Every structure is written in structure tokens, then in C-alpha cells.
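>>> quick one, structure for this:
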Amino acid sequence: MEIAVVKEEKIGNNWKVYLINKNNFELDNVLVSSRGYGQIDGEERKTSVLRHLVGNVDANDYALIEPIDPQVFVLSNEYWVSYYVGSKIYDKKYVFVAGTIKEENLIEIKMIGKRGVLHN
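Residues are numbered from 1 along each chain as shown. Predicted structure coming up:
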């Protein structure tokens, strides 16, 4: 499983966050909490905590989590993913450290067919 922050080239300066399921099994009842935190000009800042019900994500597929504003790229952006496989619940945290989501870090993300920053 991976999280990708993708630049939507055809839509201008529009970025989106995706969950990529590279497993050979479905993820059920996926819930993602997202938040940003850090310092801007020496002052502590944090965003609201957002919760996204993604639902089920098929094996070797991806799903949109949320659009993301480039203004928060100066903060650390955290995604806490909870999901079921069968009757067991799992969770994993992904943190894009402040300043890592930027043009020079974009790579081709084959499953989505777009360029972005990938966290696995």
C-alpha cells in the first residue's frame, strides 16, 4: 500500500492525494484521517483533521482520498489509513515531511499514469 500526492497537469496547479493498493487482495472499509502540522515563519501551525471514508479498494487498484492545497506543502502532511482485510483491522501512518512535496521530487506513478510524490 502506498500514498501518492499527484499533480494534475491538465487542471493547472491542482494536486490530489491517492491511496494505491499494490496488494493482491481487496482492502475493505478504508478510512483515512489527514492533517498538516509544523511551523510557518517560526509559528506553530496545524490544519483541521479531515476524515475520509474511501470504502473498498480493489486489489492492484487506487482510490482518491482528497484534493490538497499546495499552500500546506510547507507543513508535514500526515495520512493515517485504517482498513480491514477479512475480519482483521489494520492501520498505517504515512507522513510527507515538510517541503518534500515539490516539482523536483515528482516521479512517474505507473498505476495512476501521472507524476507525483510517492510514500510507501
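
>>> show the pLDDT at the residue of the chain most remote from its centre.
Ranked by distance from the centre of the chain (CA atoms, centre = their mean), the top residue is G42, with 25.9 Å. If you check G42, the pLDDT there is 90.

>>> now do K10
If you check K10, the pLDDT there is 71.

>>> what about it, is that helix, strand or coil?
K10 carries the three-state label helix when classified by DSSP: H, G, I helix; E, B strand; the rest coil.

>>> got a list of what E103 touches?
Neighbouring residues of E103 by CB atoms under 8 Å, 6 or more residues apart in numbering: K7. For every residue, glycine as well, the C-beta is placed using N, CA and C.

>>> gap between it and W15?
Here E103 is placed at a distance of 11 Å from W15 (CB to CB, to the nearest Å).

>>> what do the two both touch?
Common neighbours of E103 and W15 (CB under 8 Å, 6+ apart) are K7.

>>> run through the bridge partners of L27.
V57 (DSSP bridges).

>>> what is the neighbour count of it?
L27: 23 surrounding residues under other CB atoms under 10 Å.
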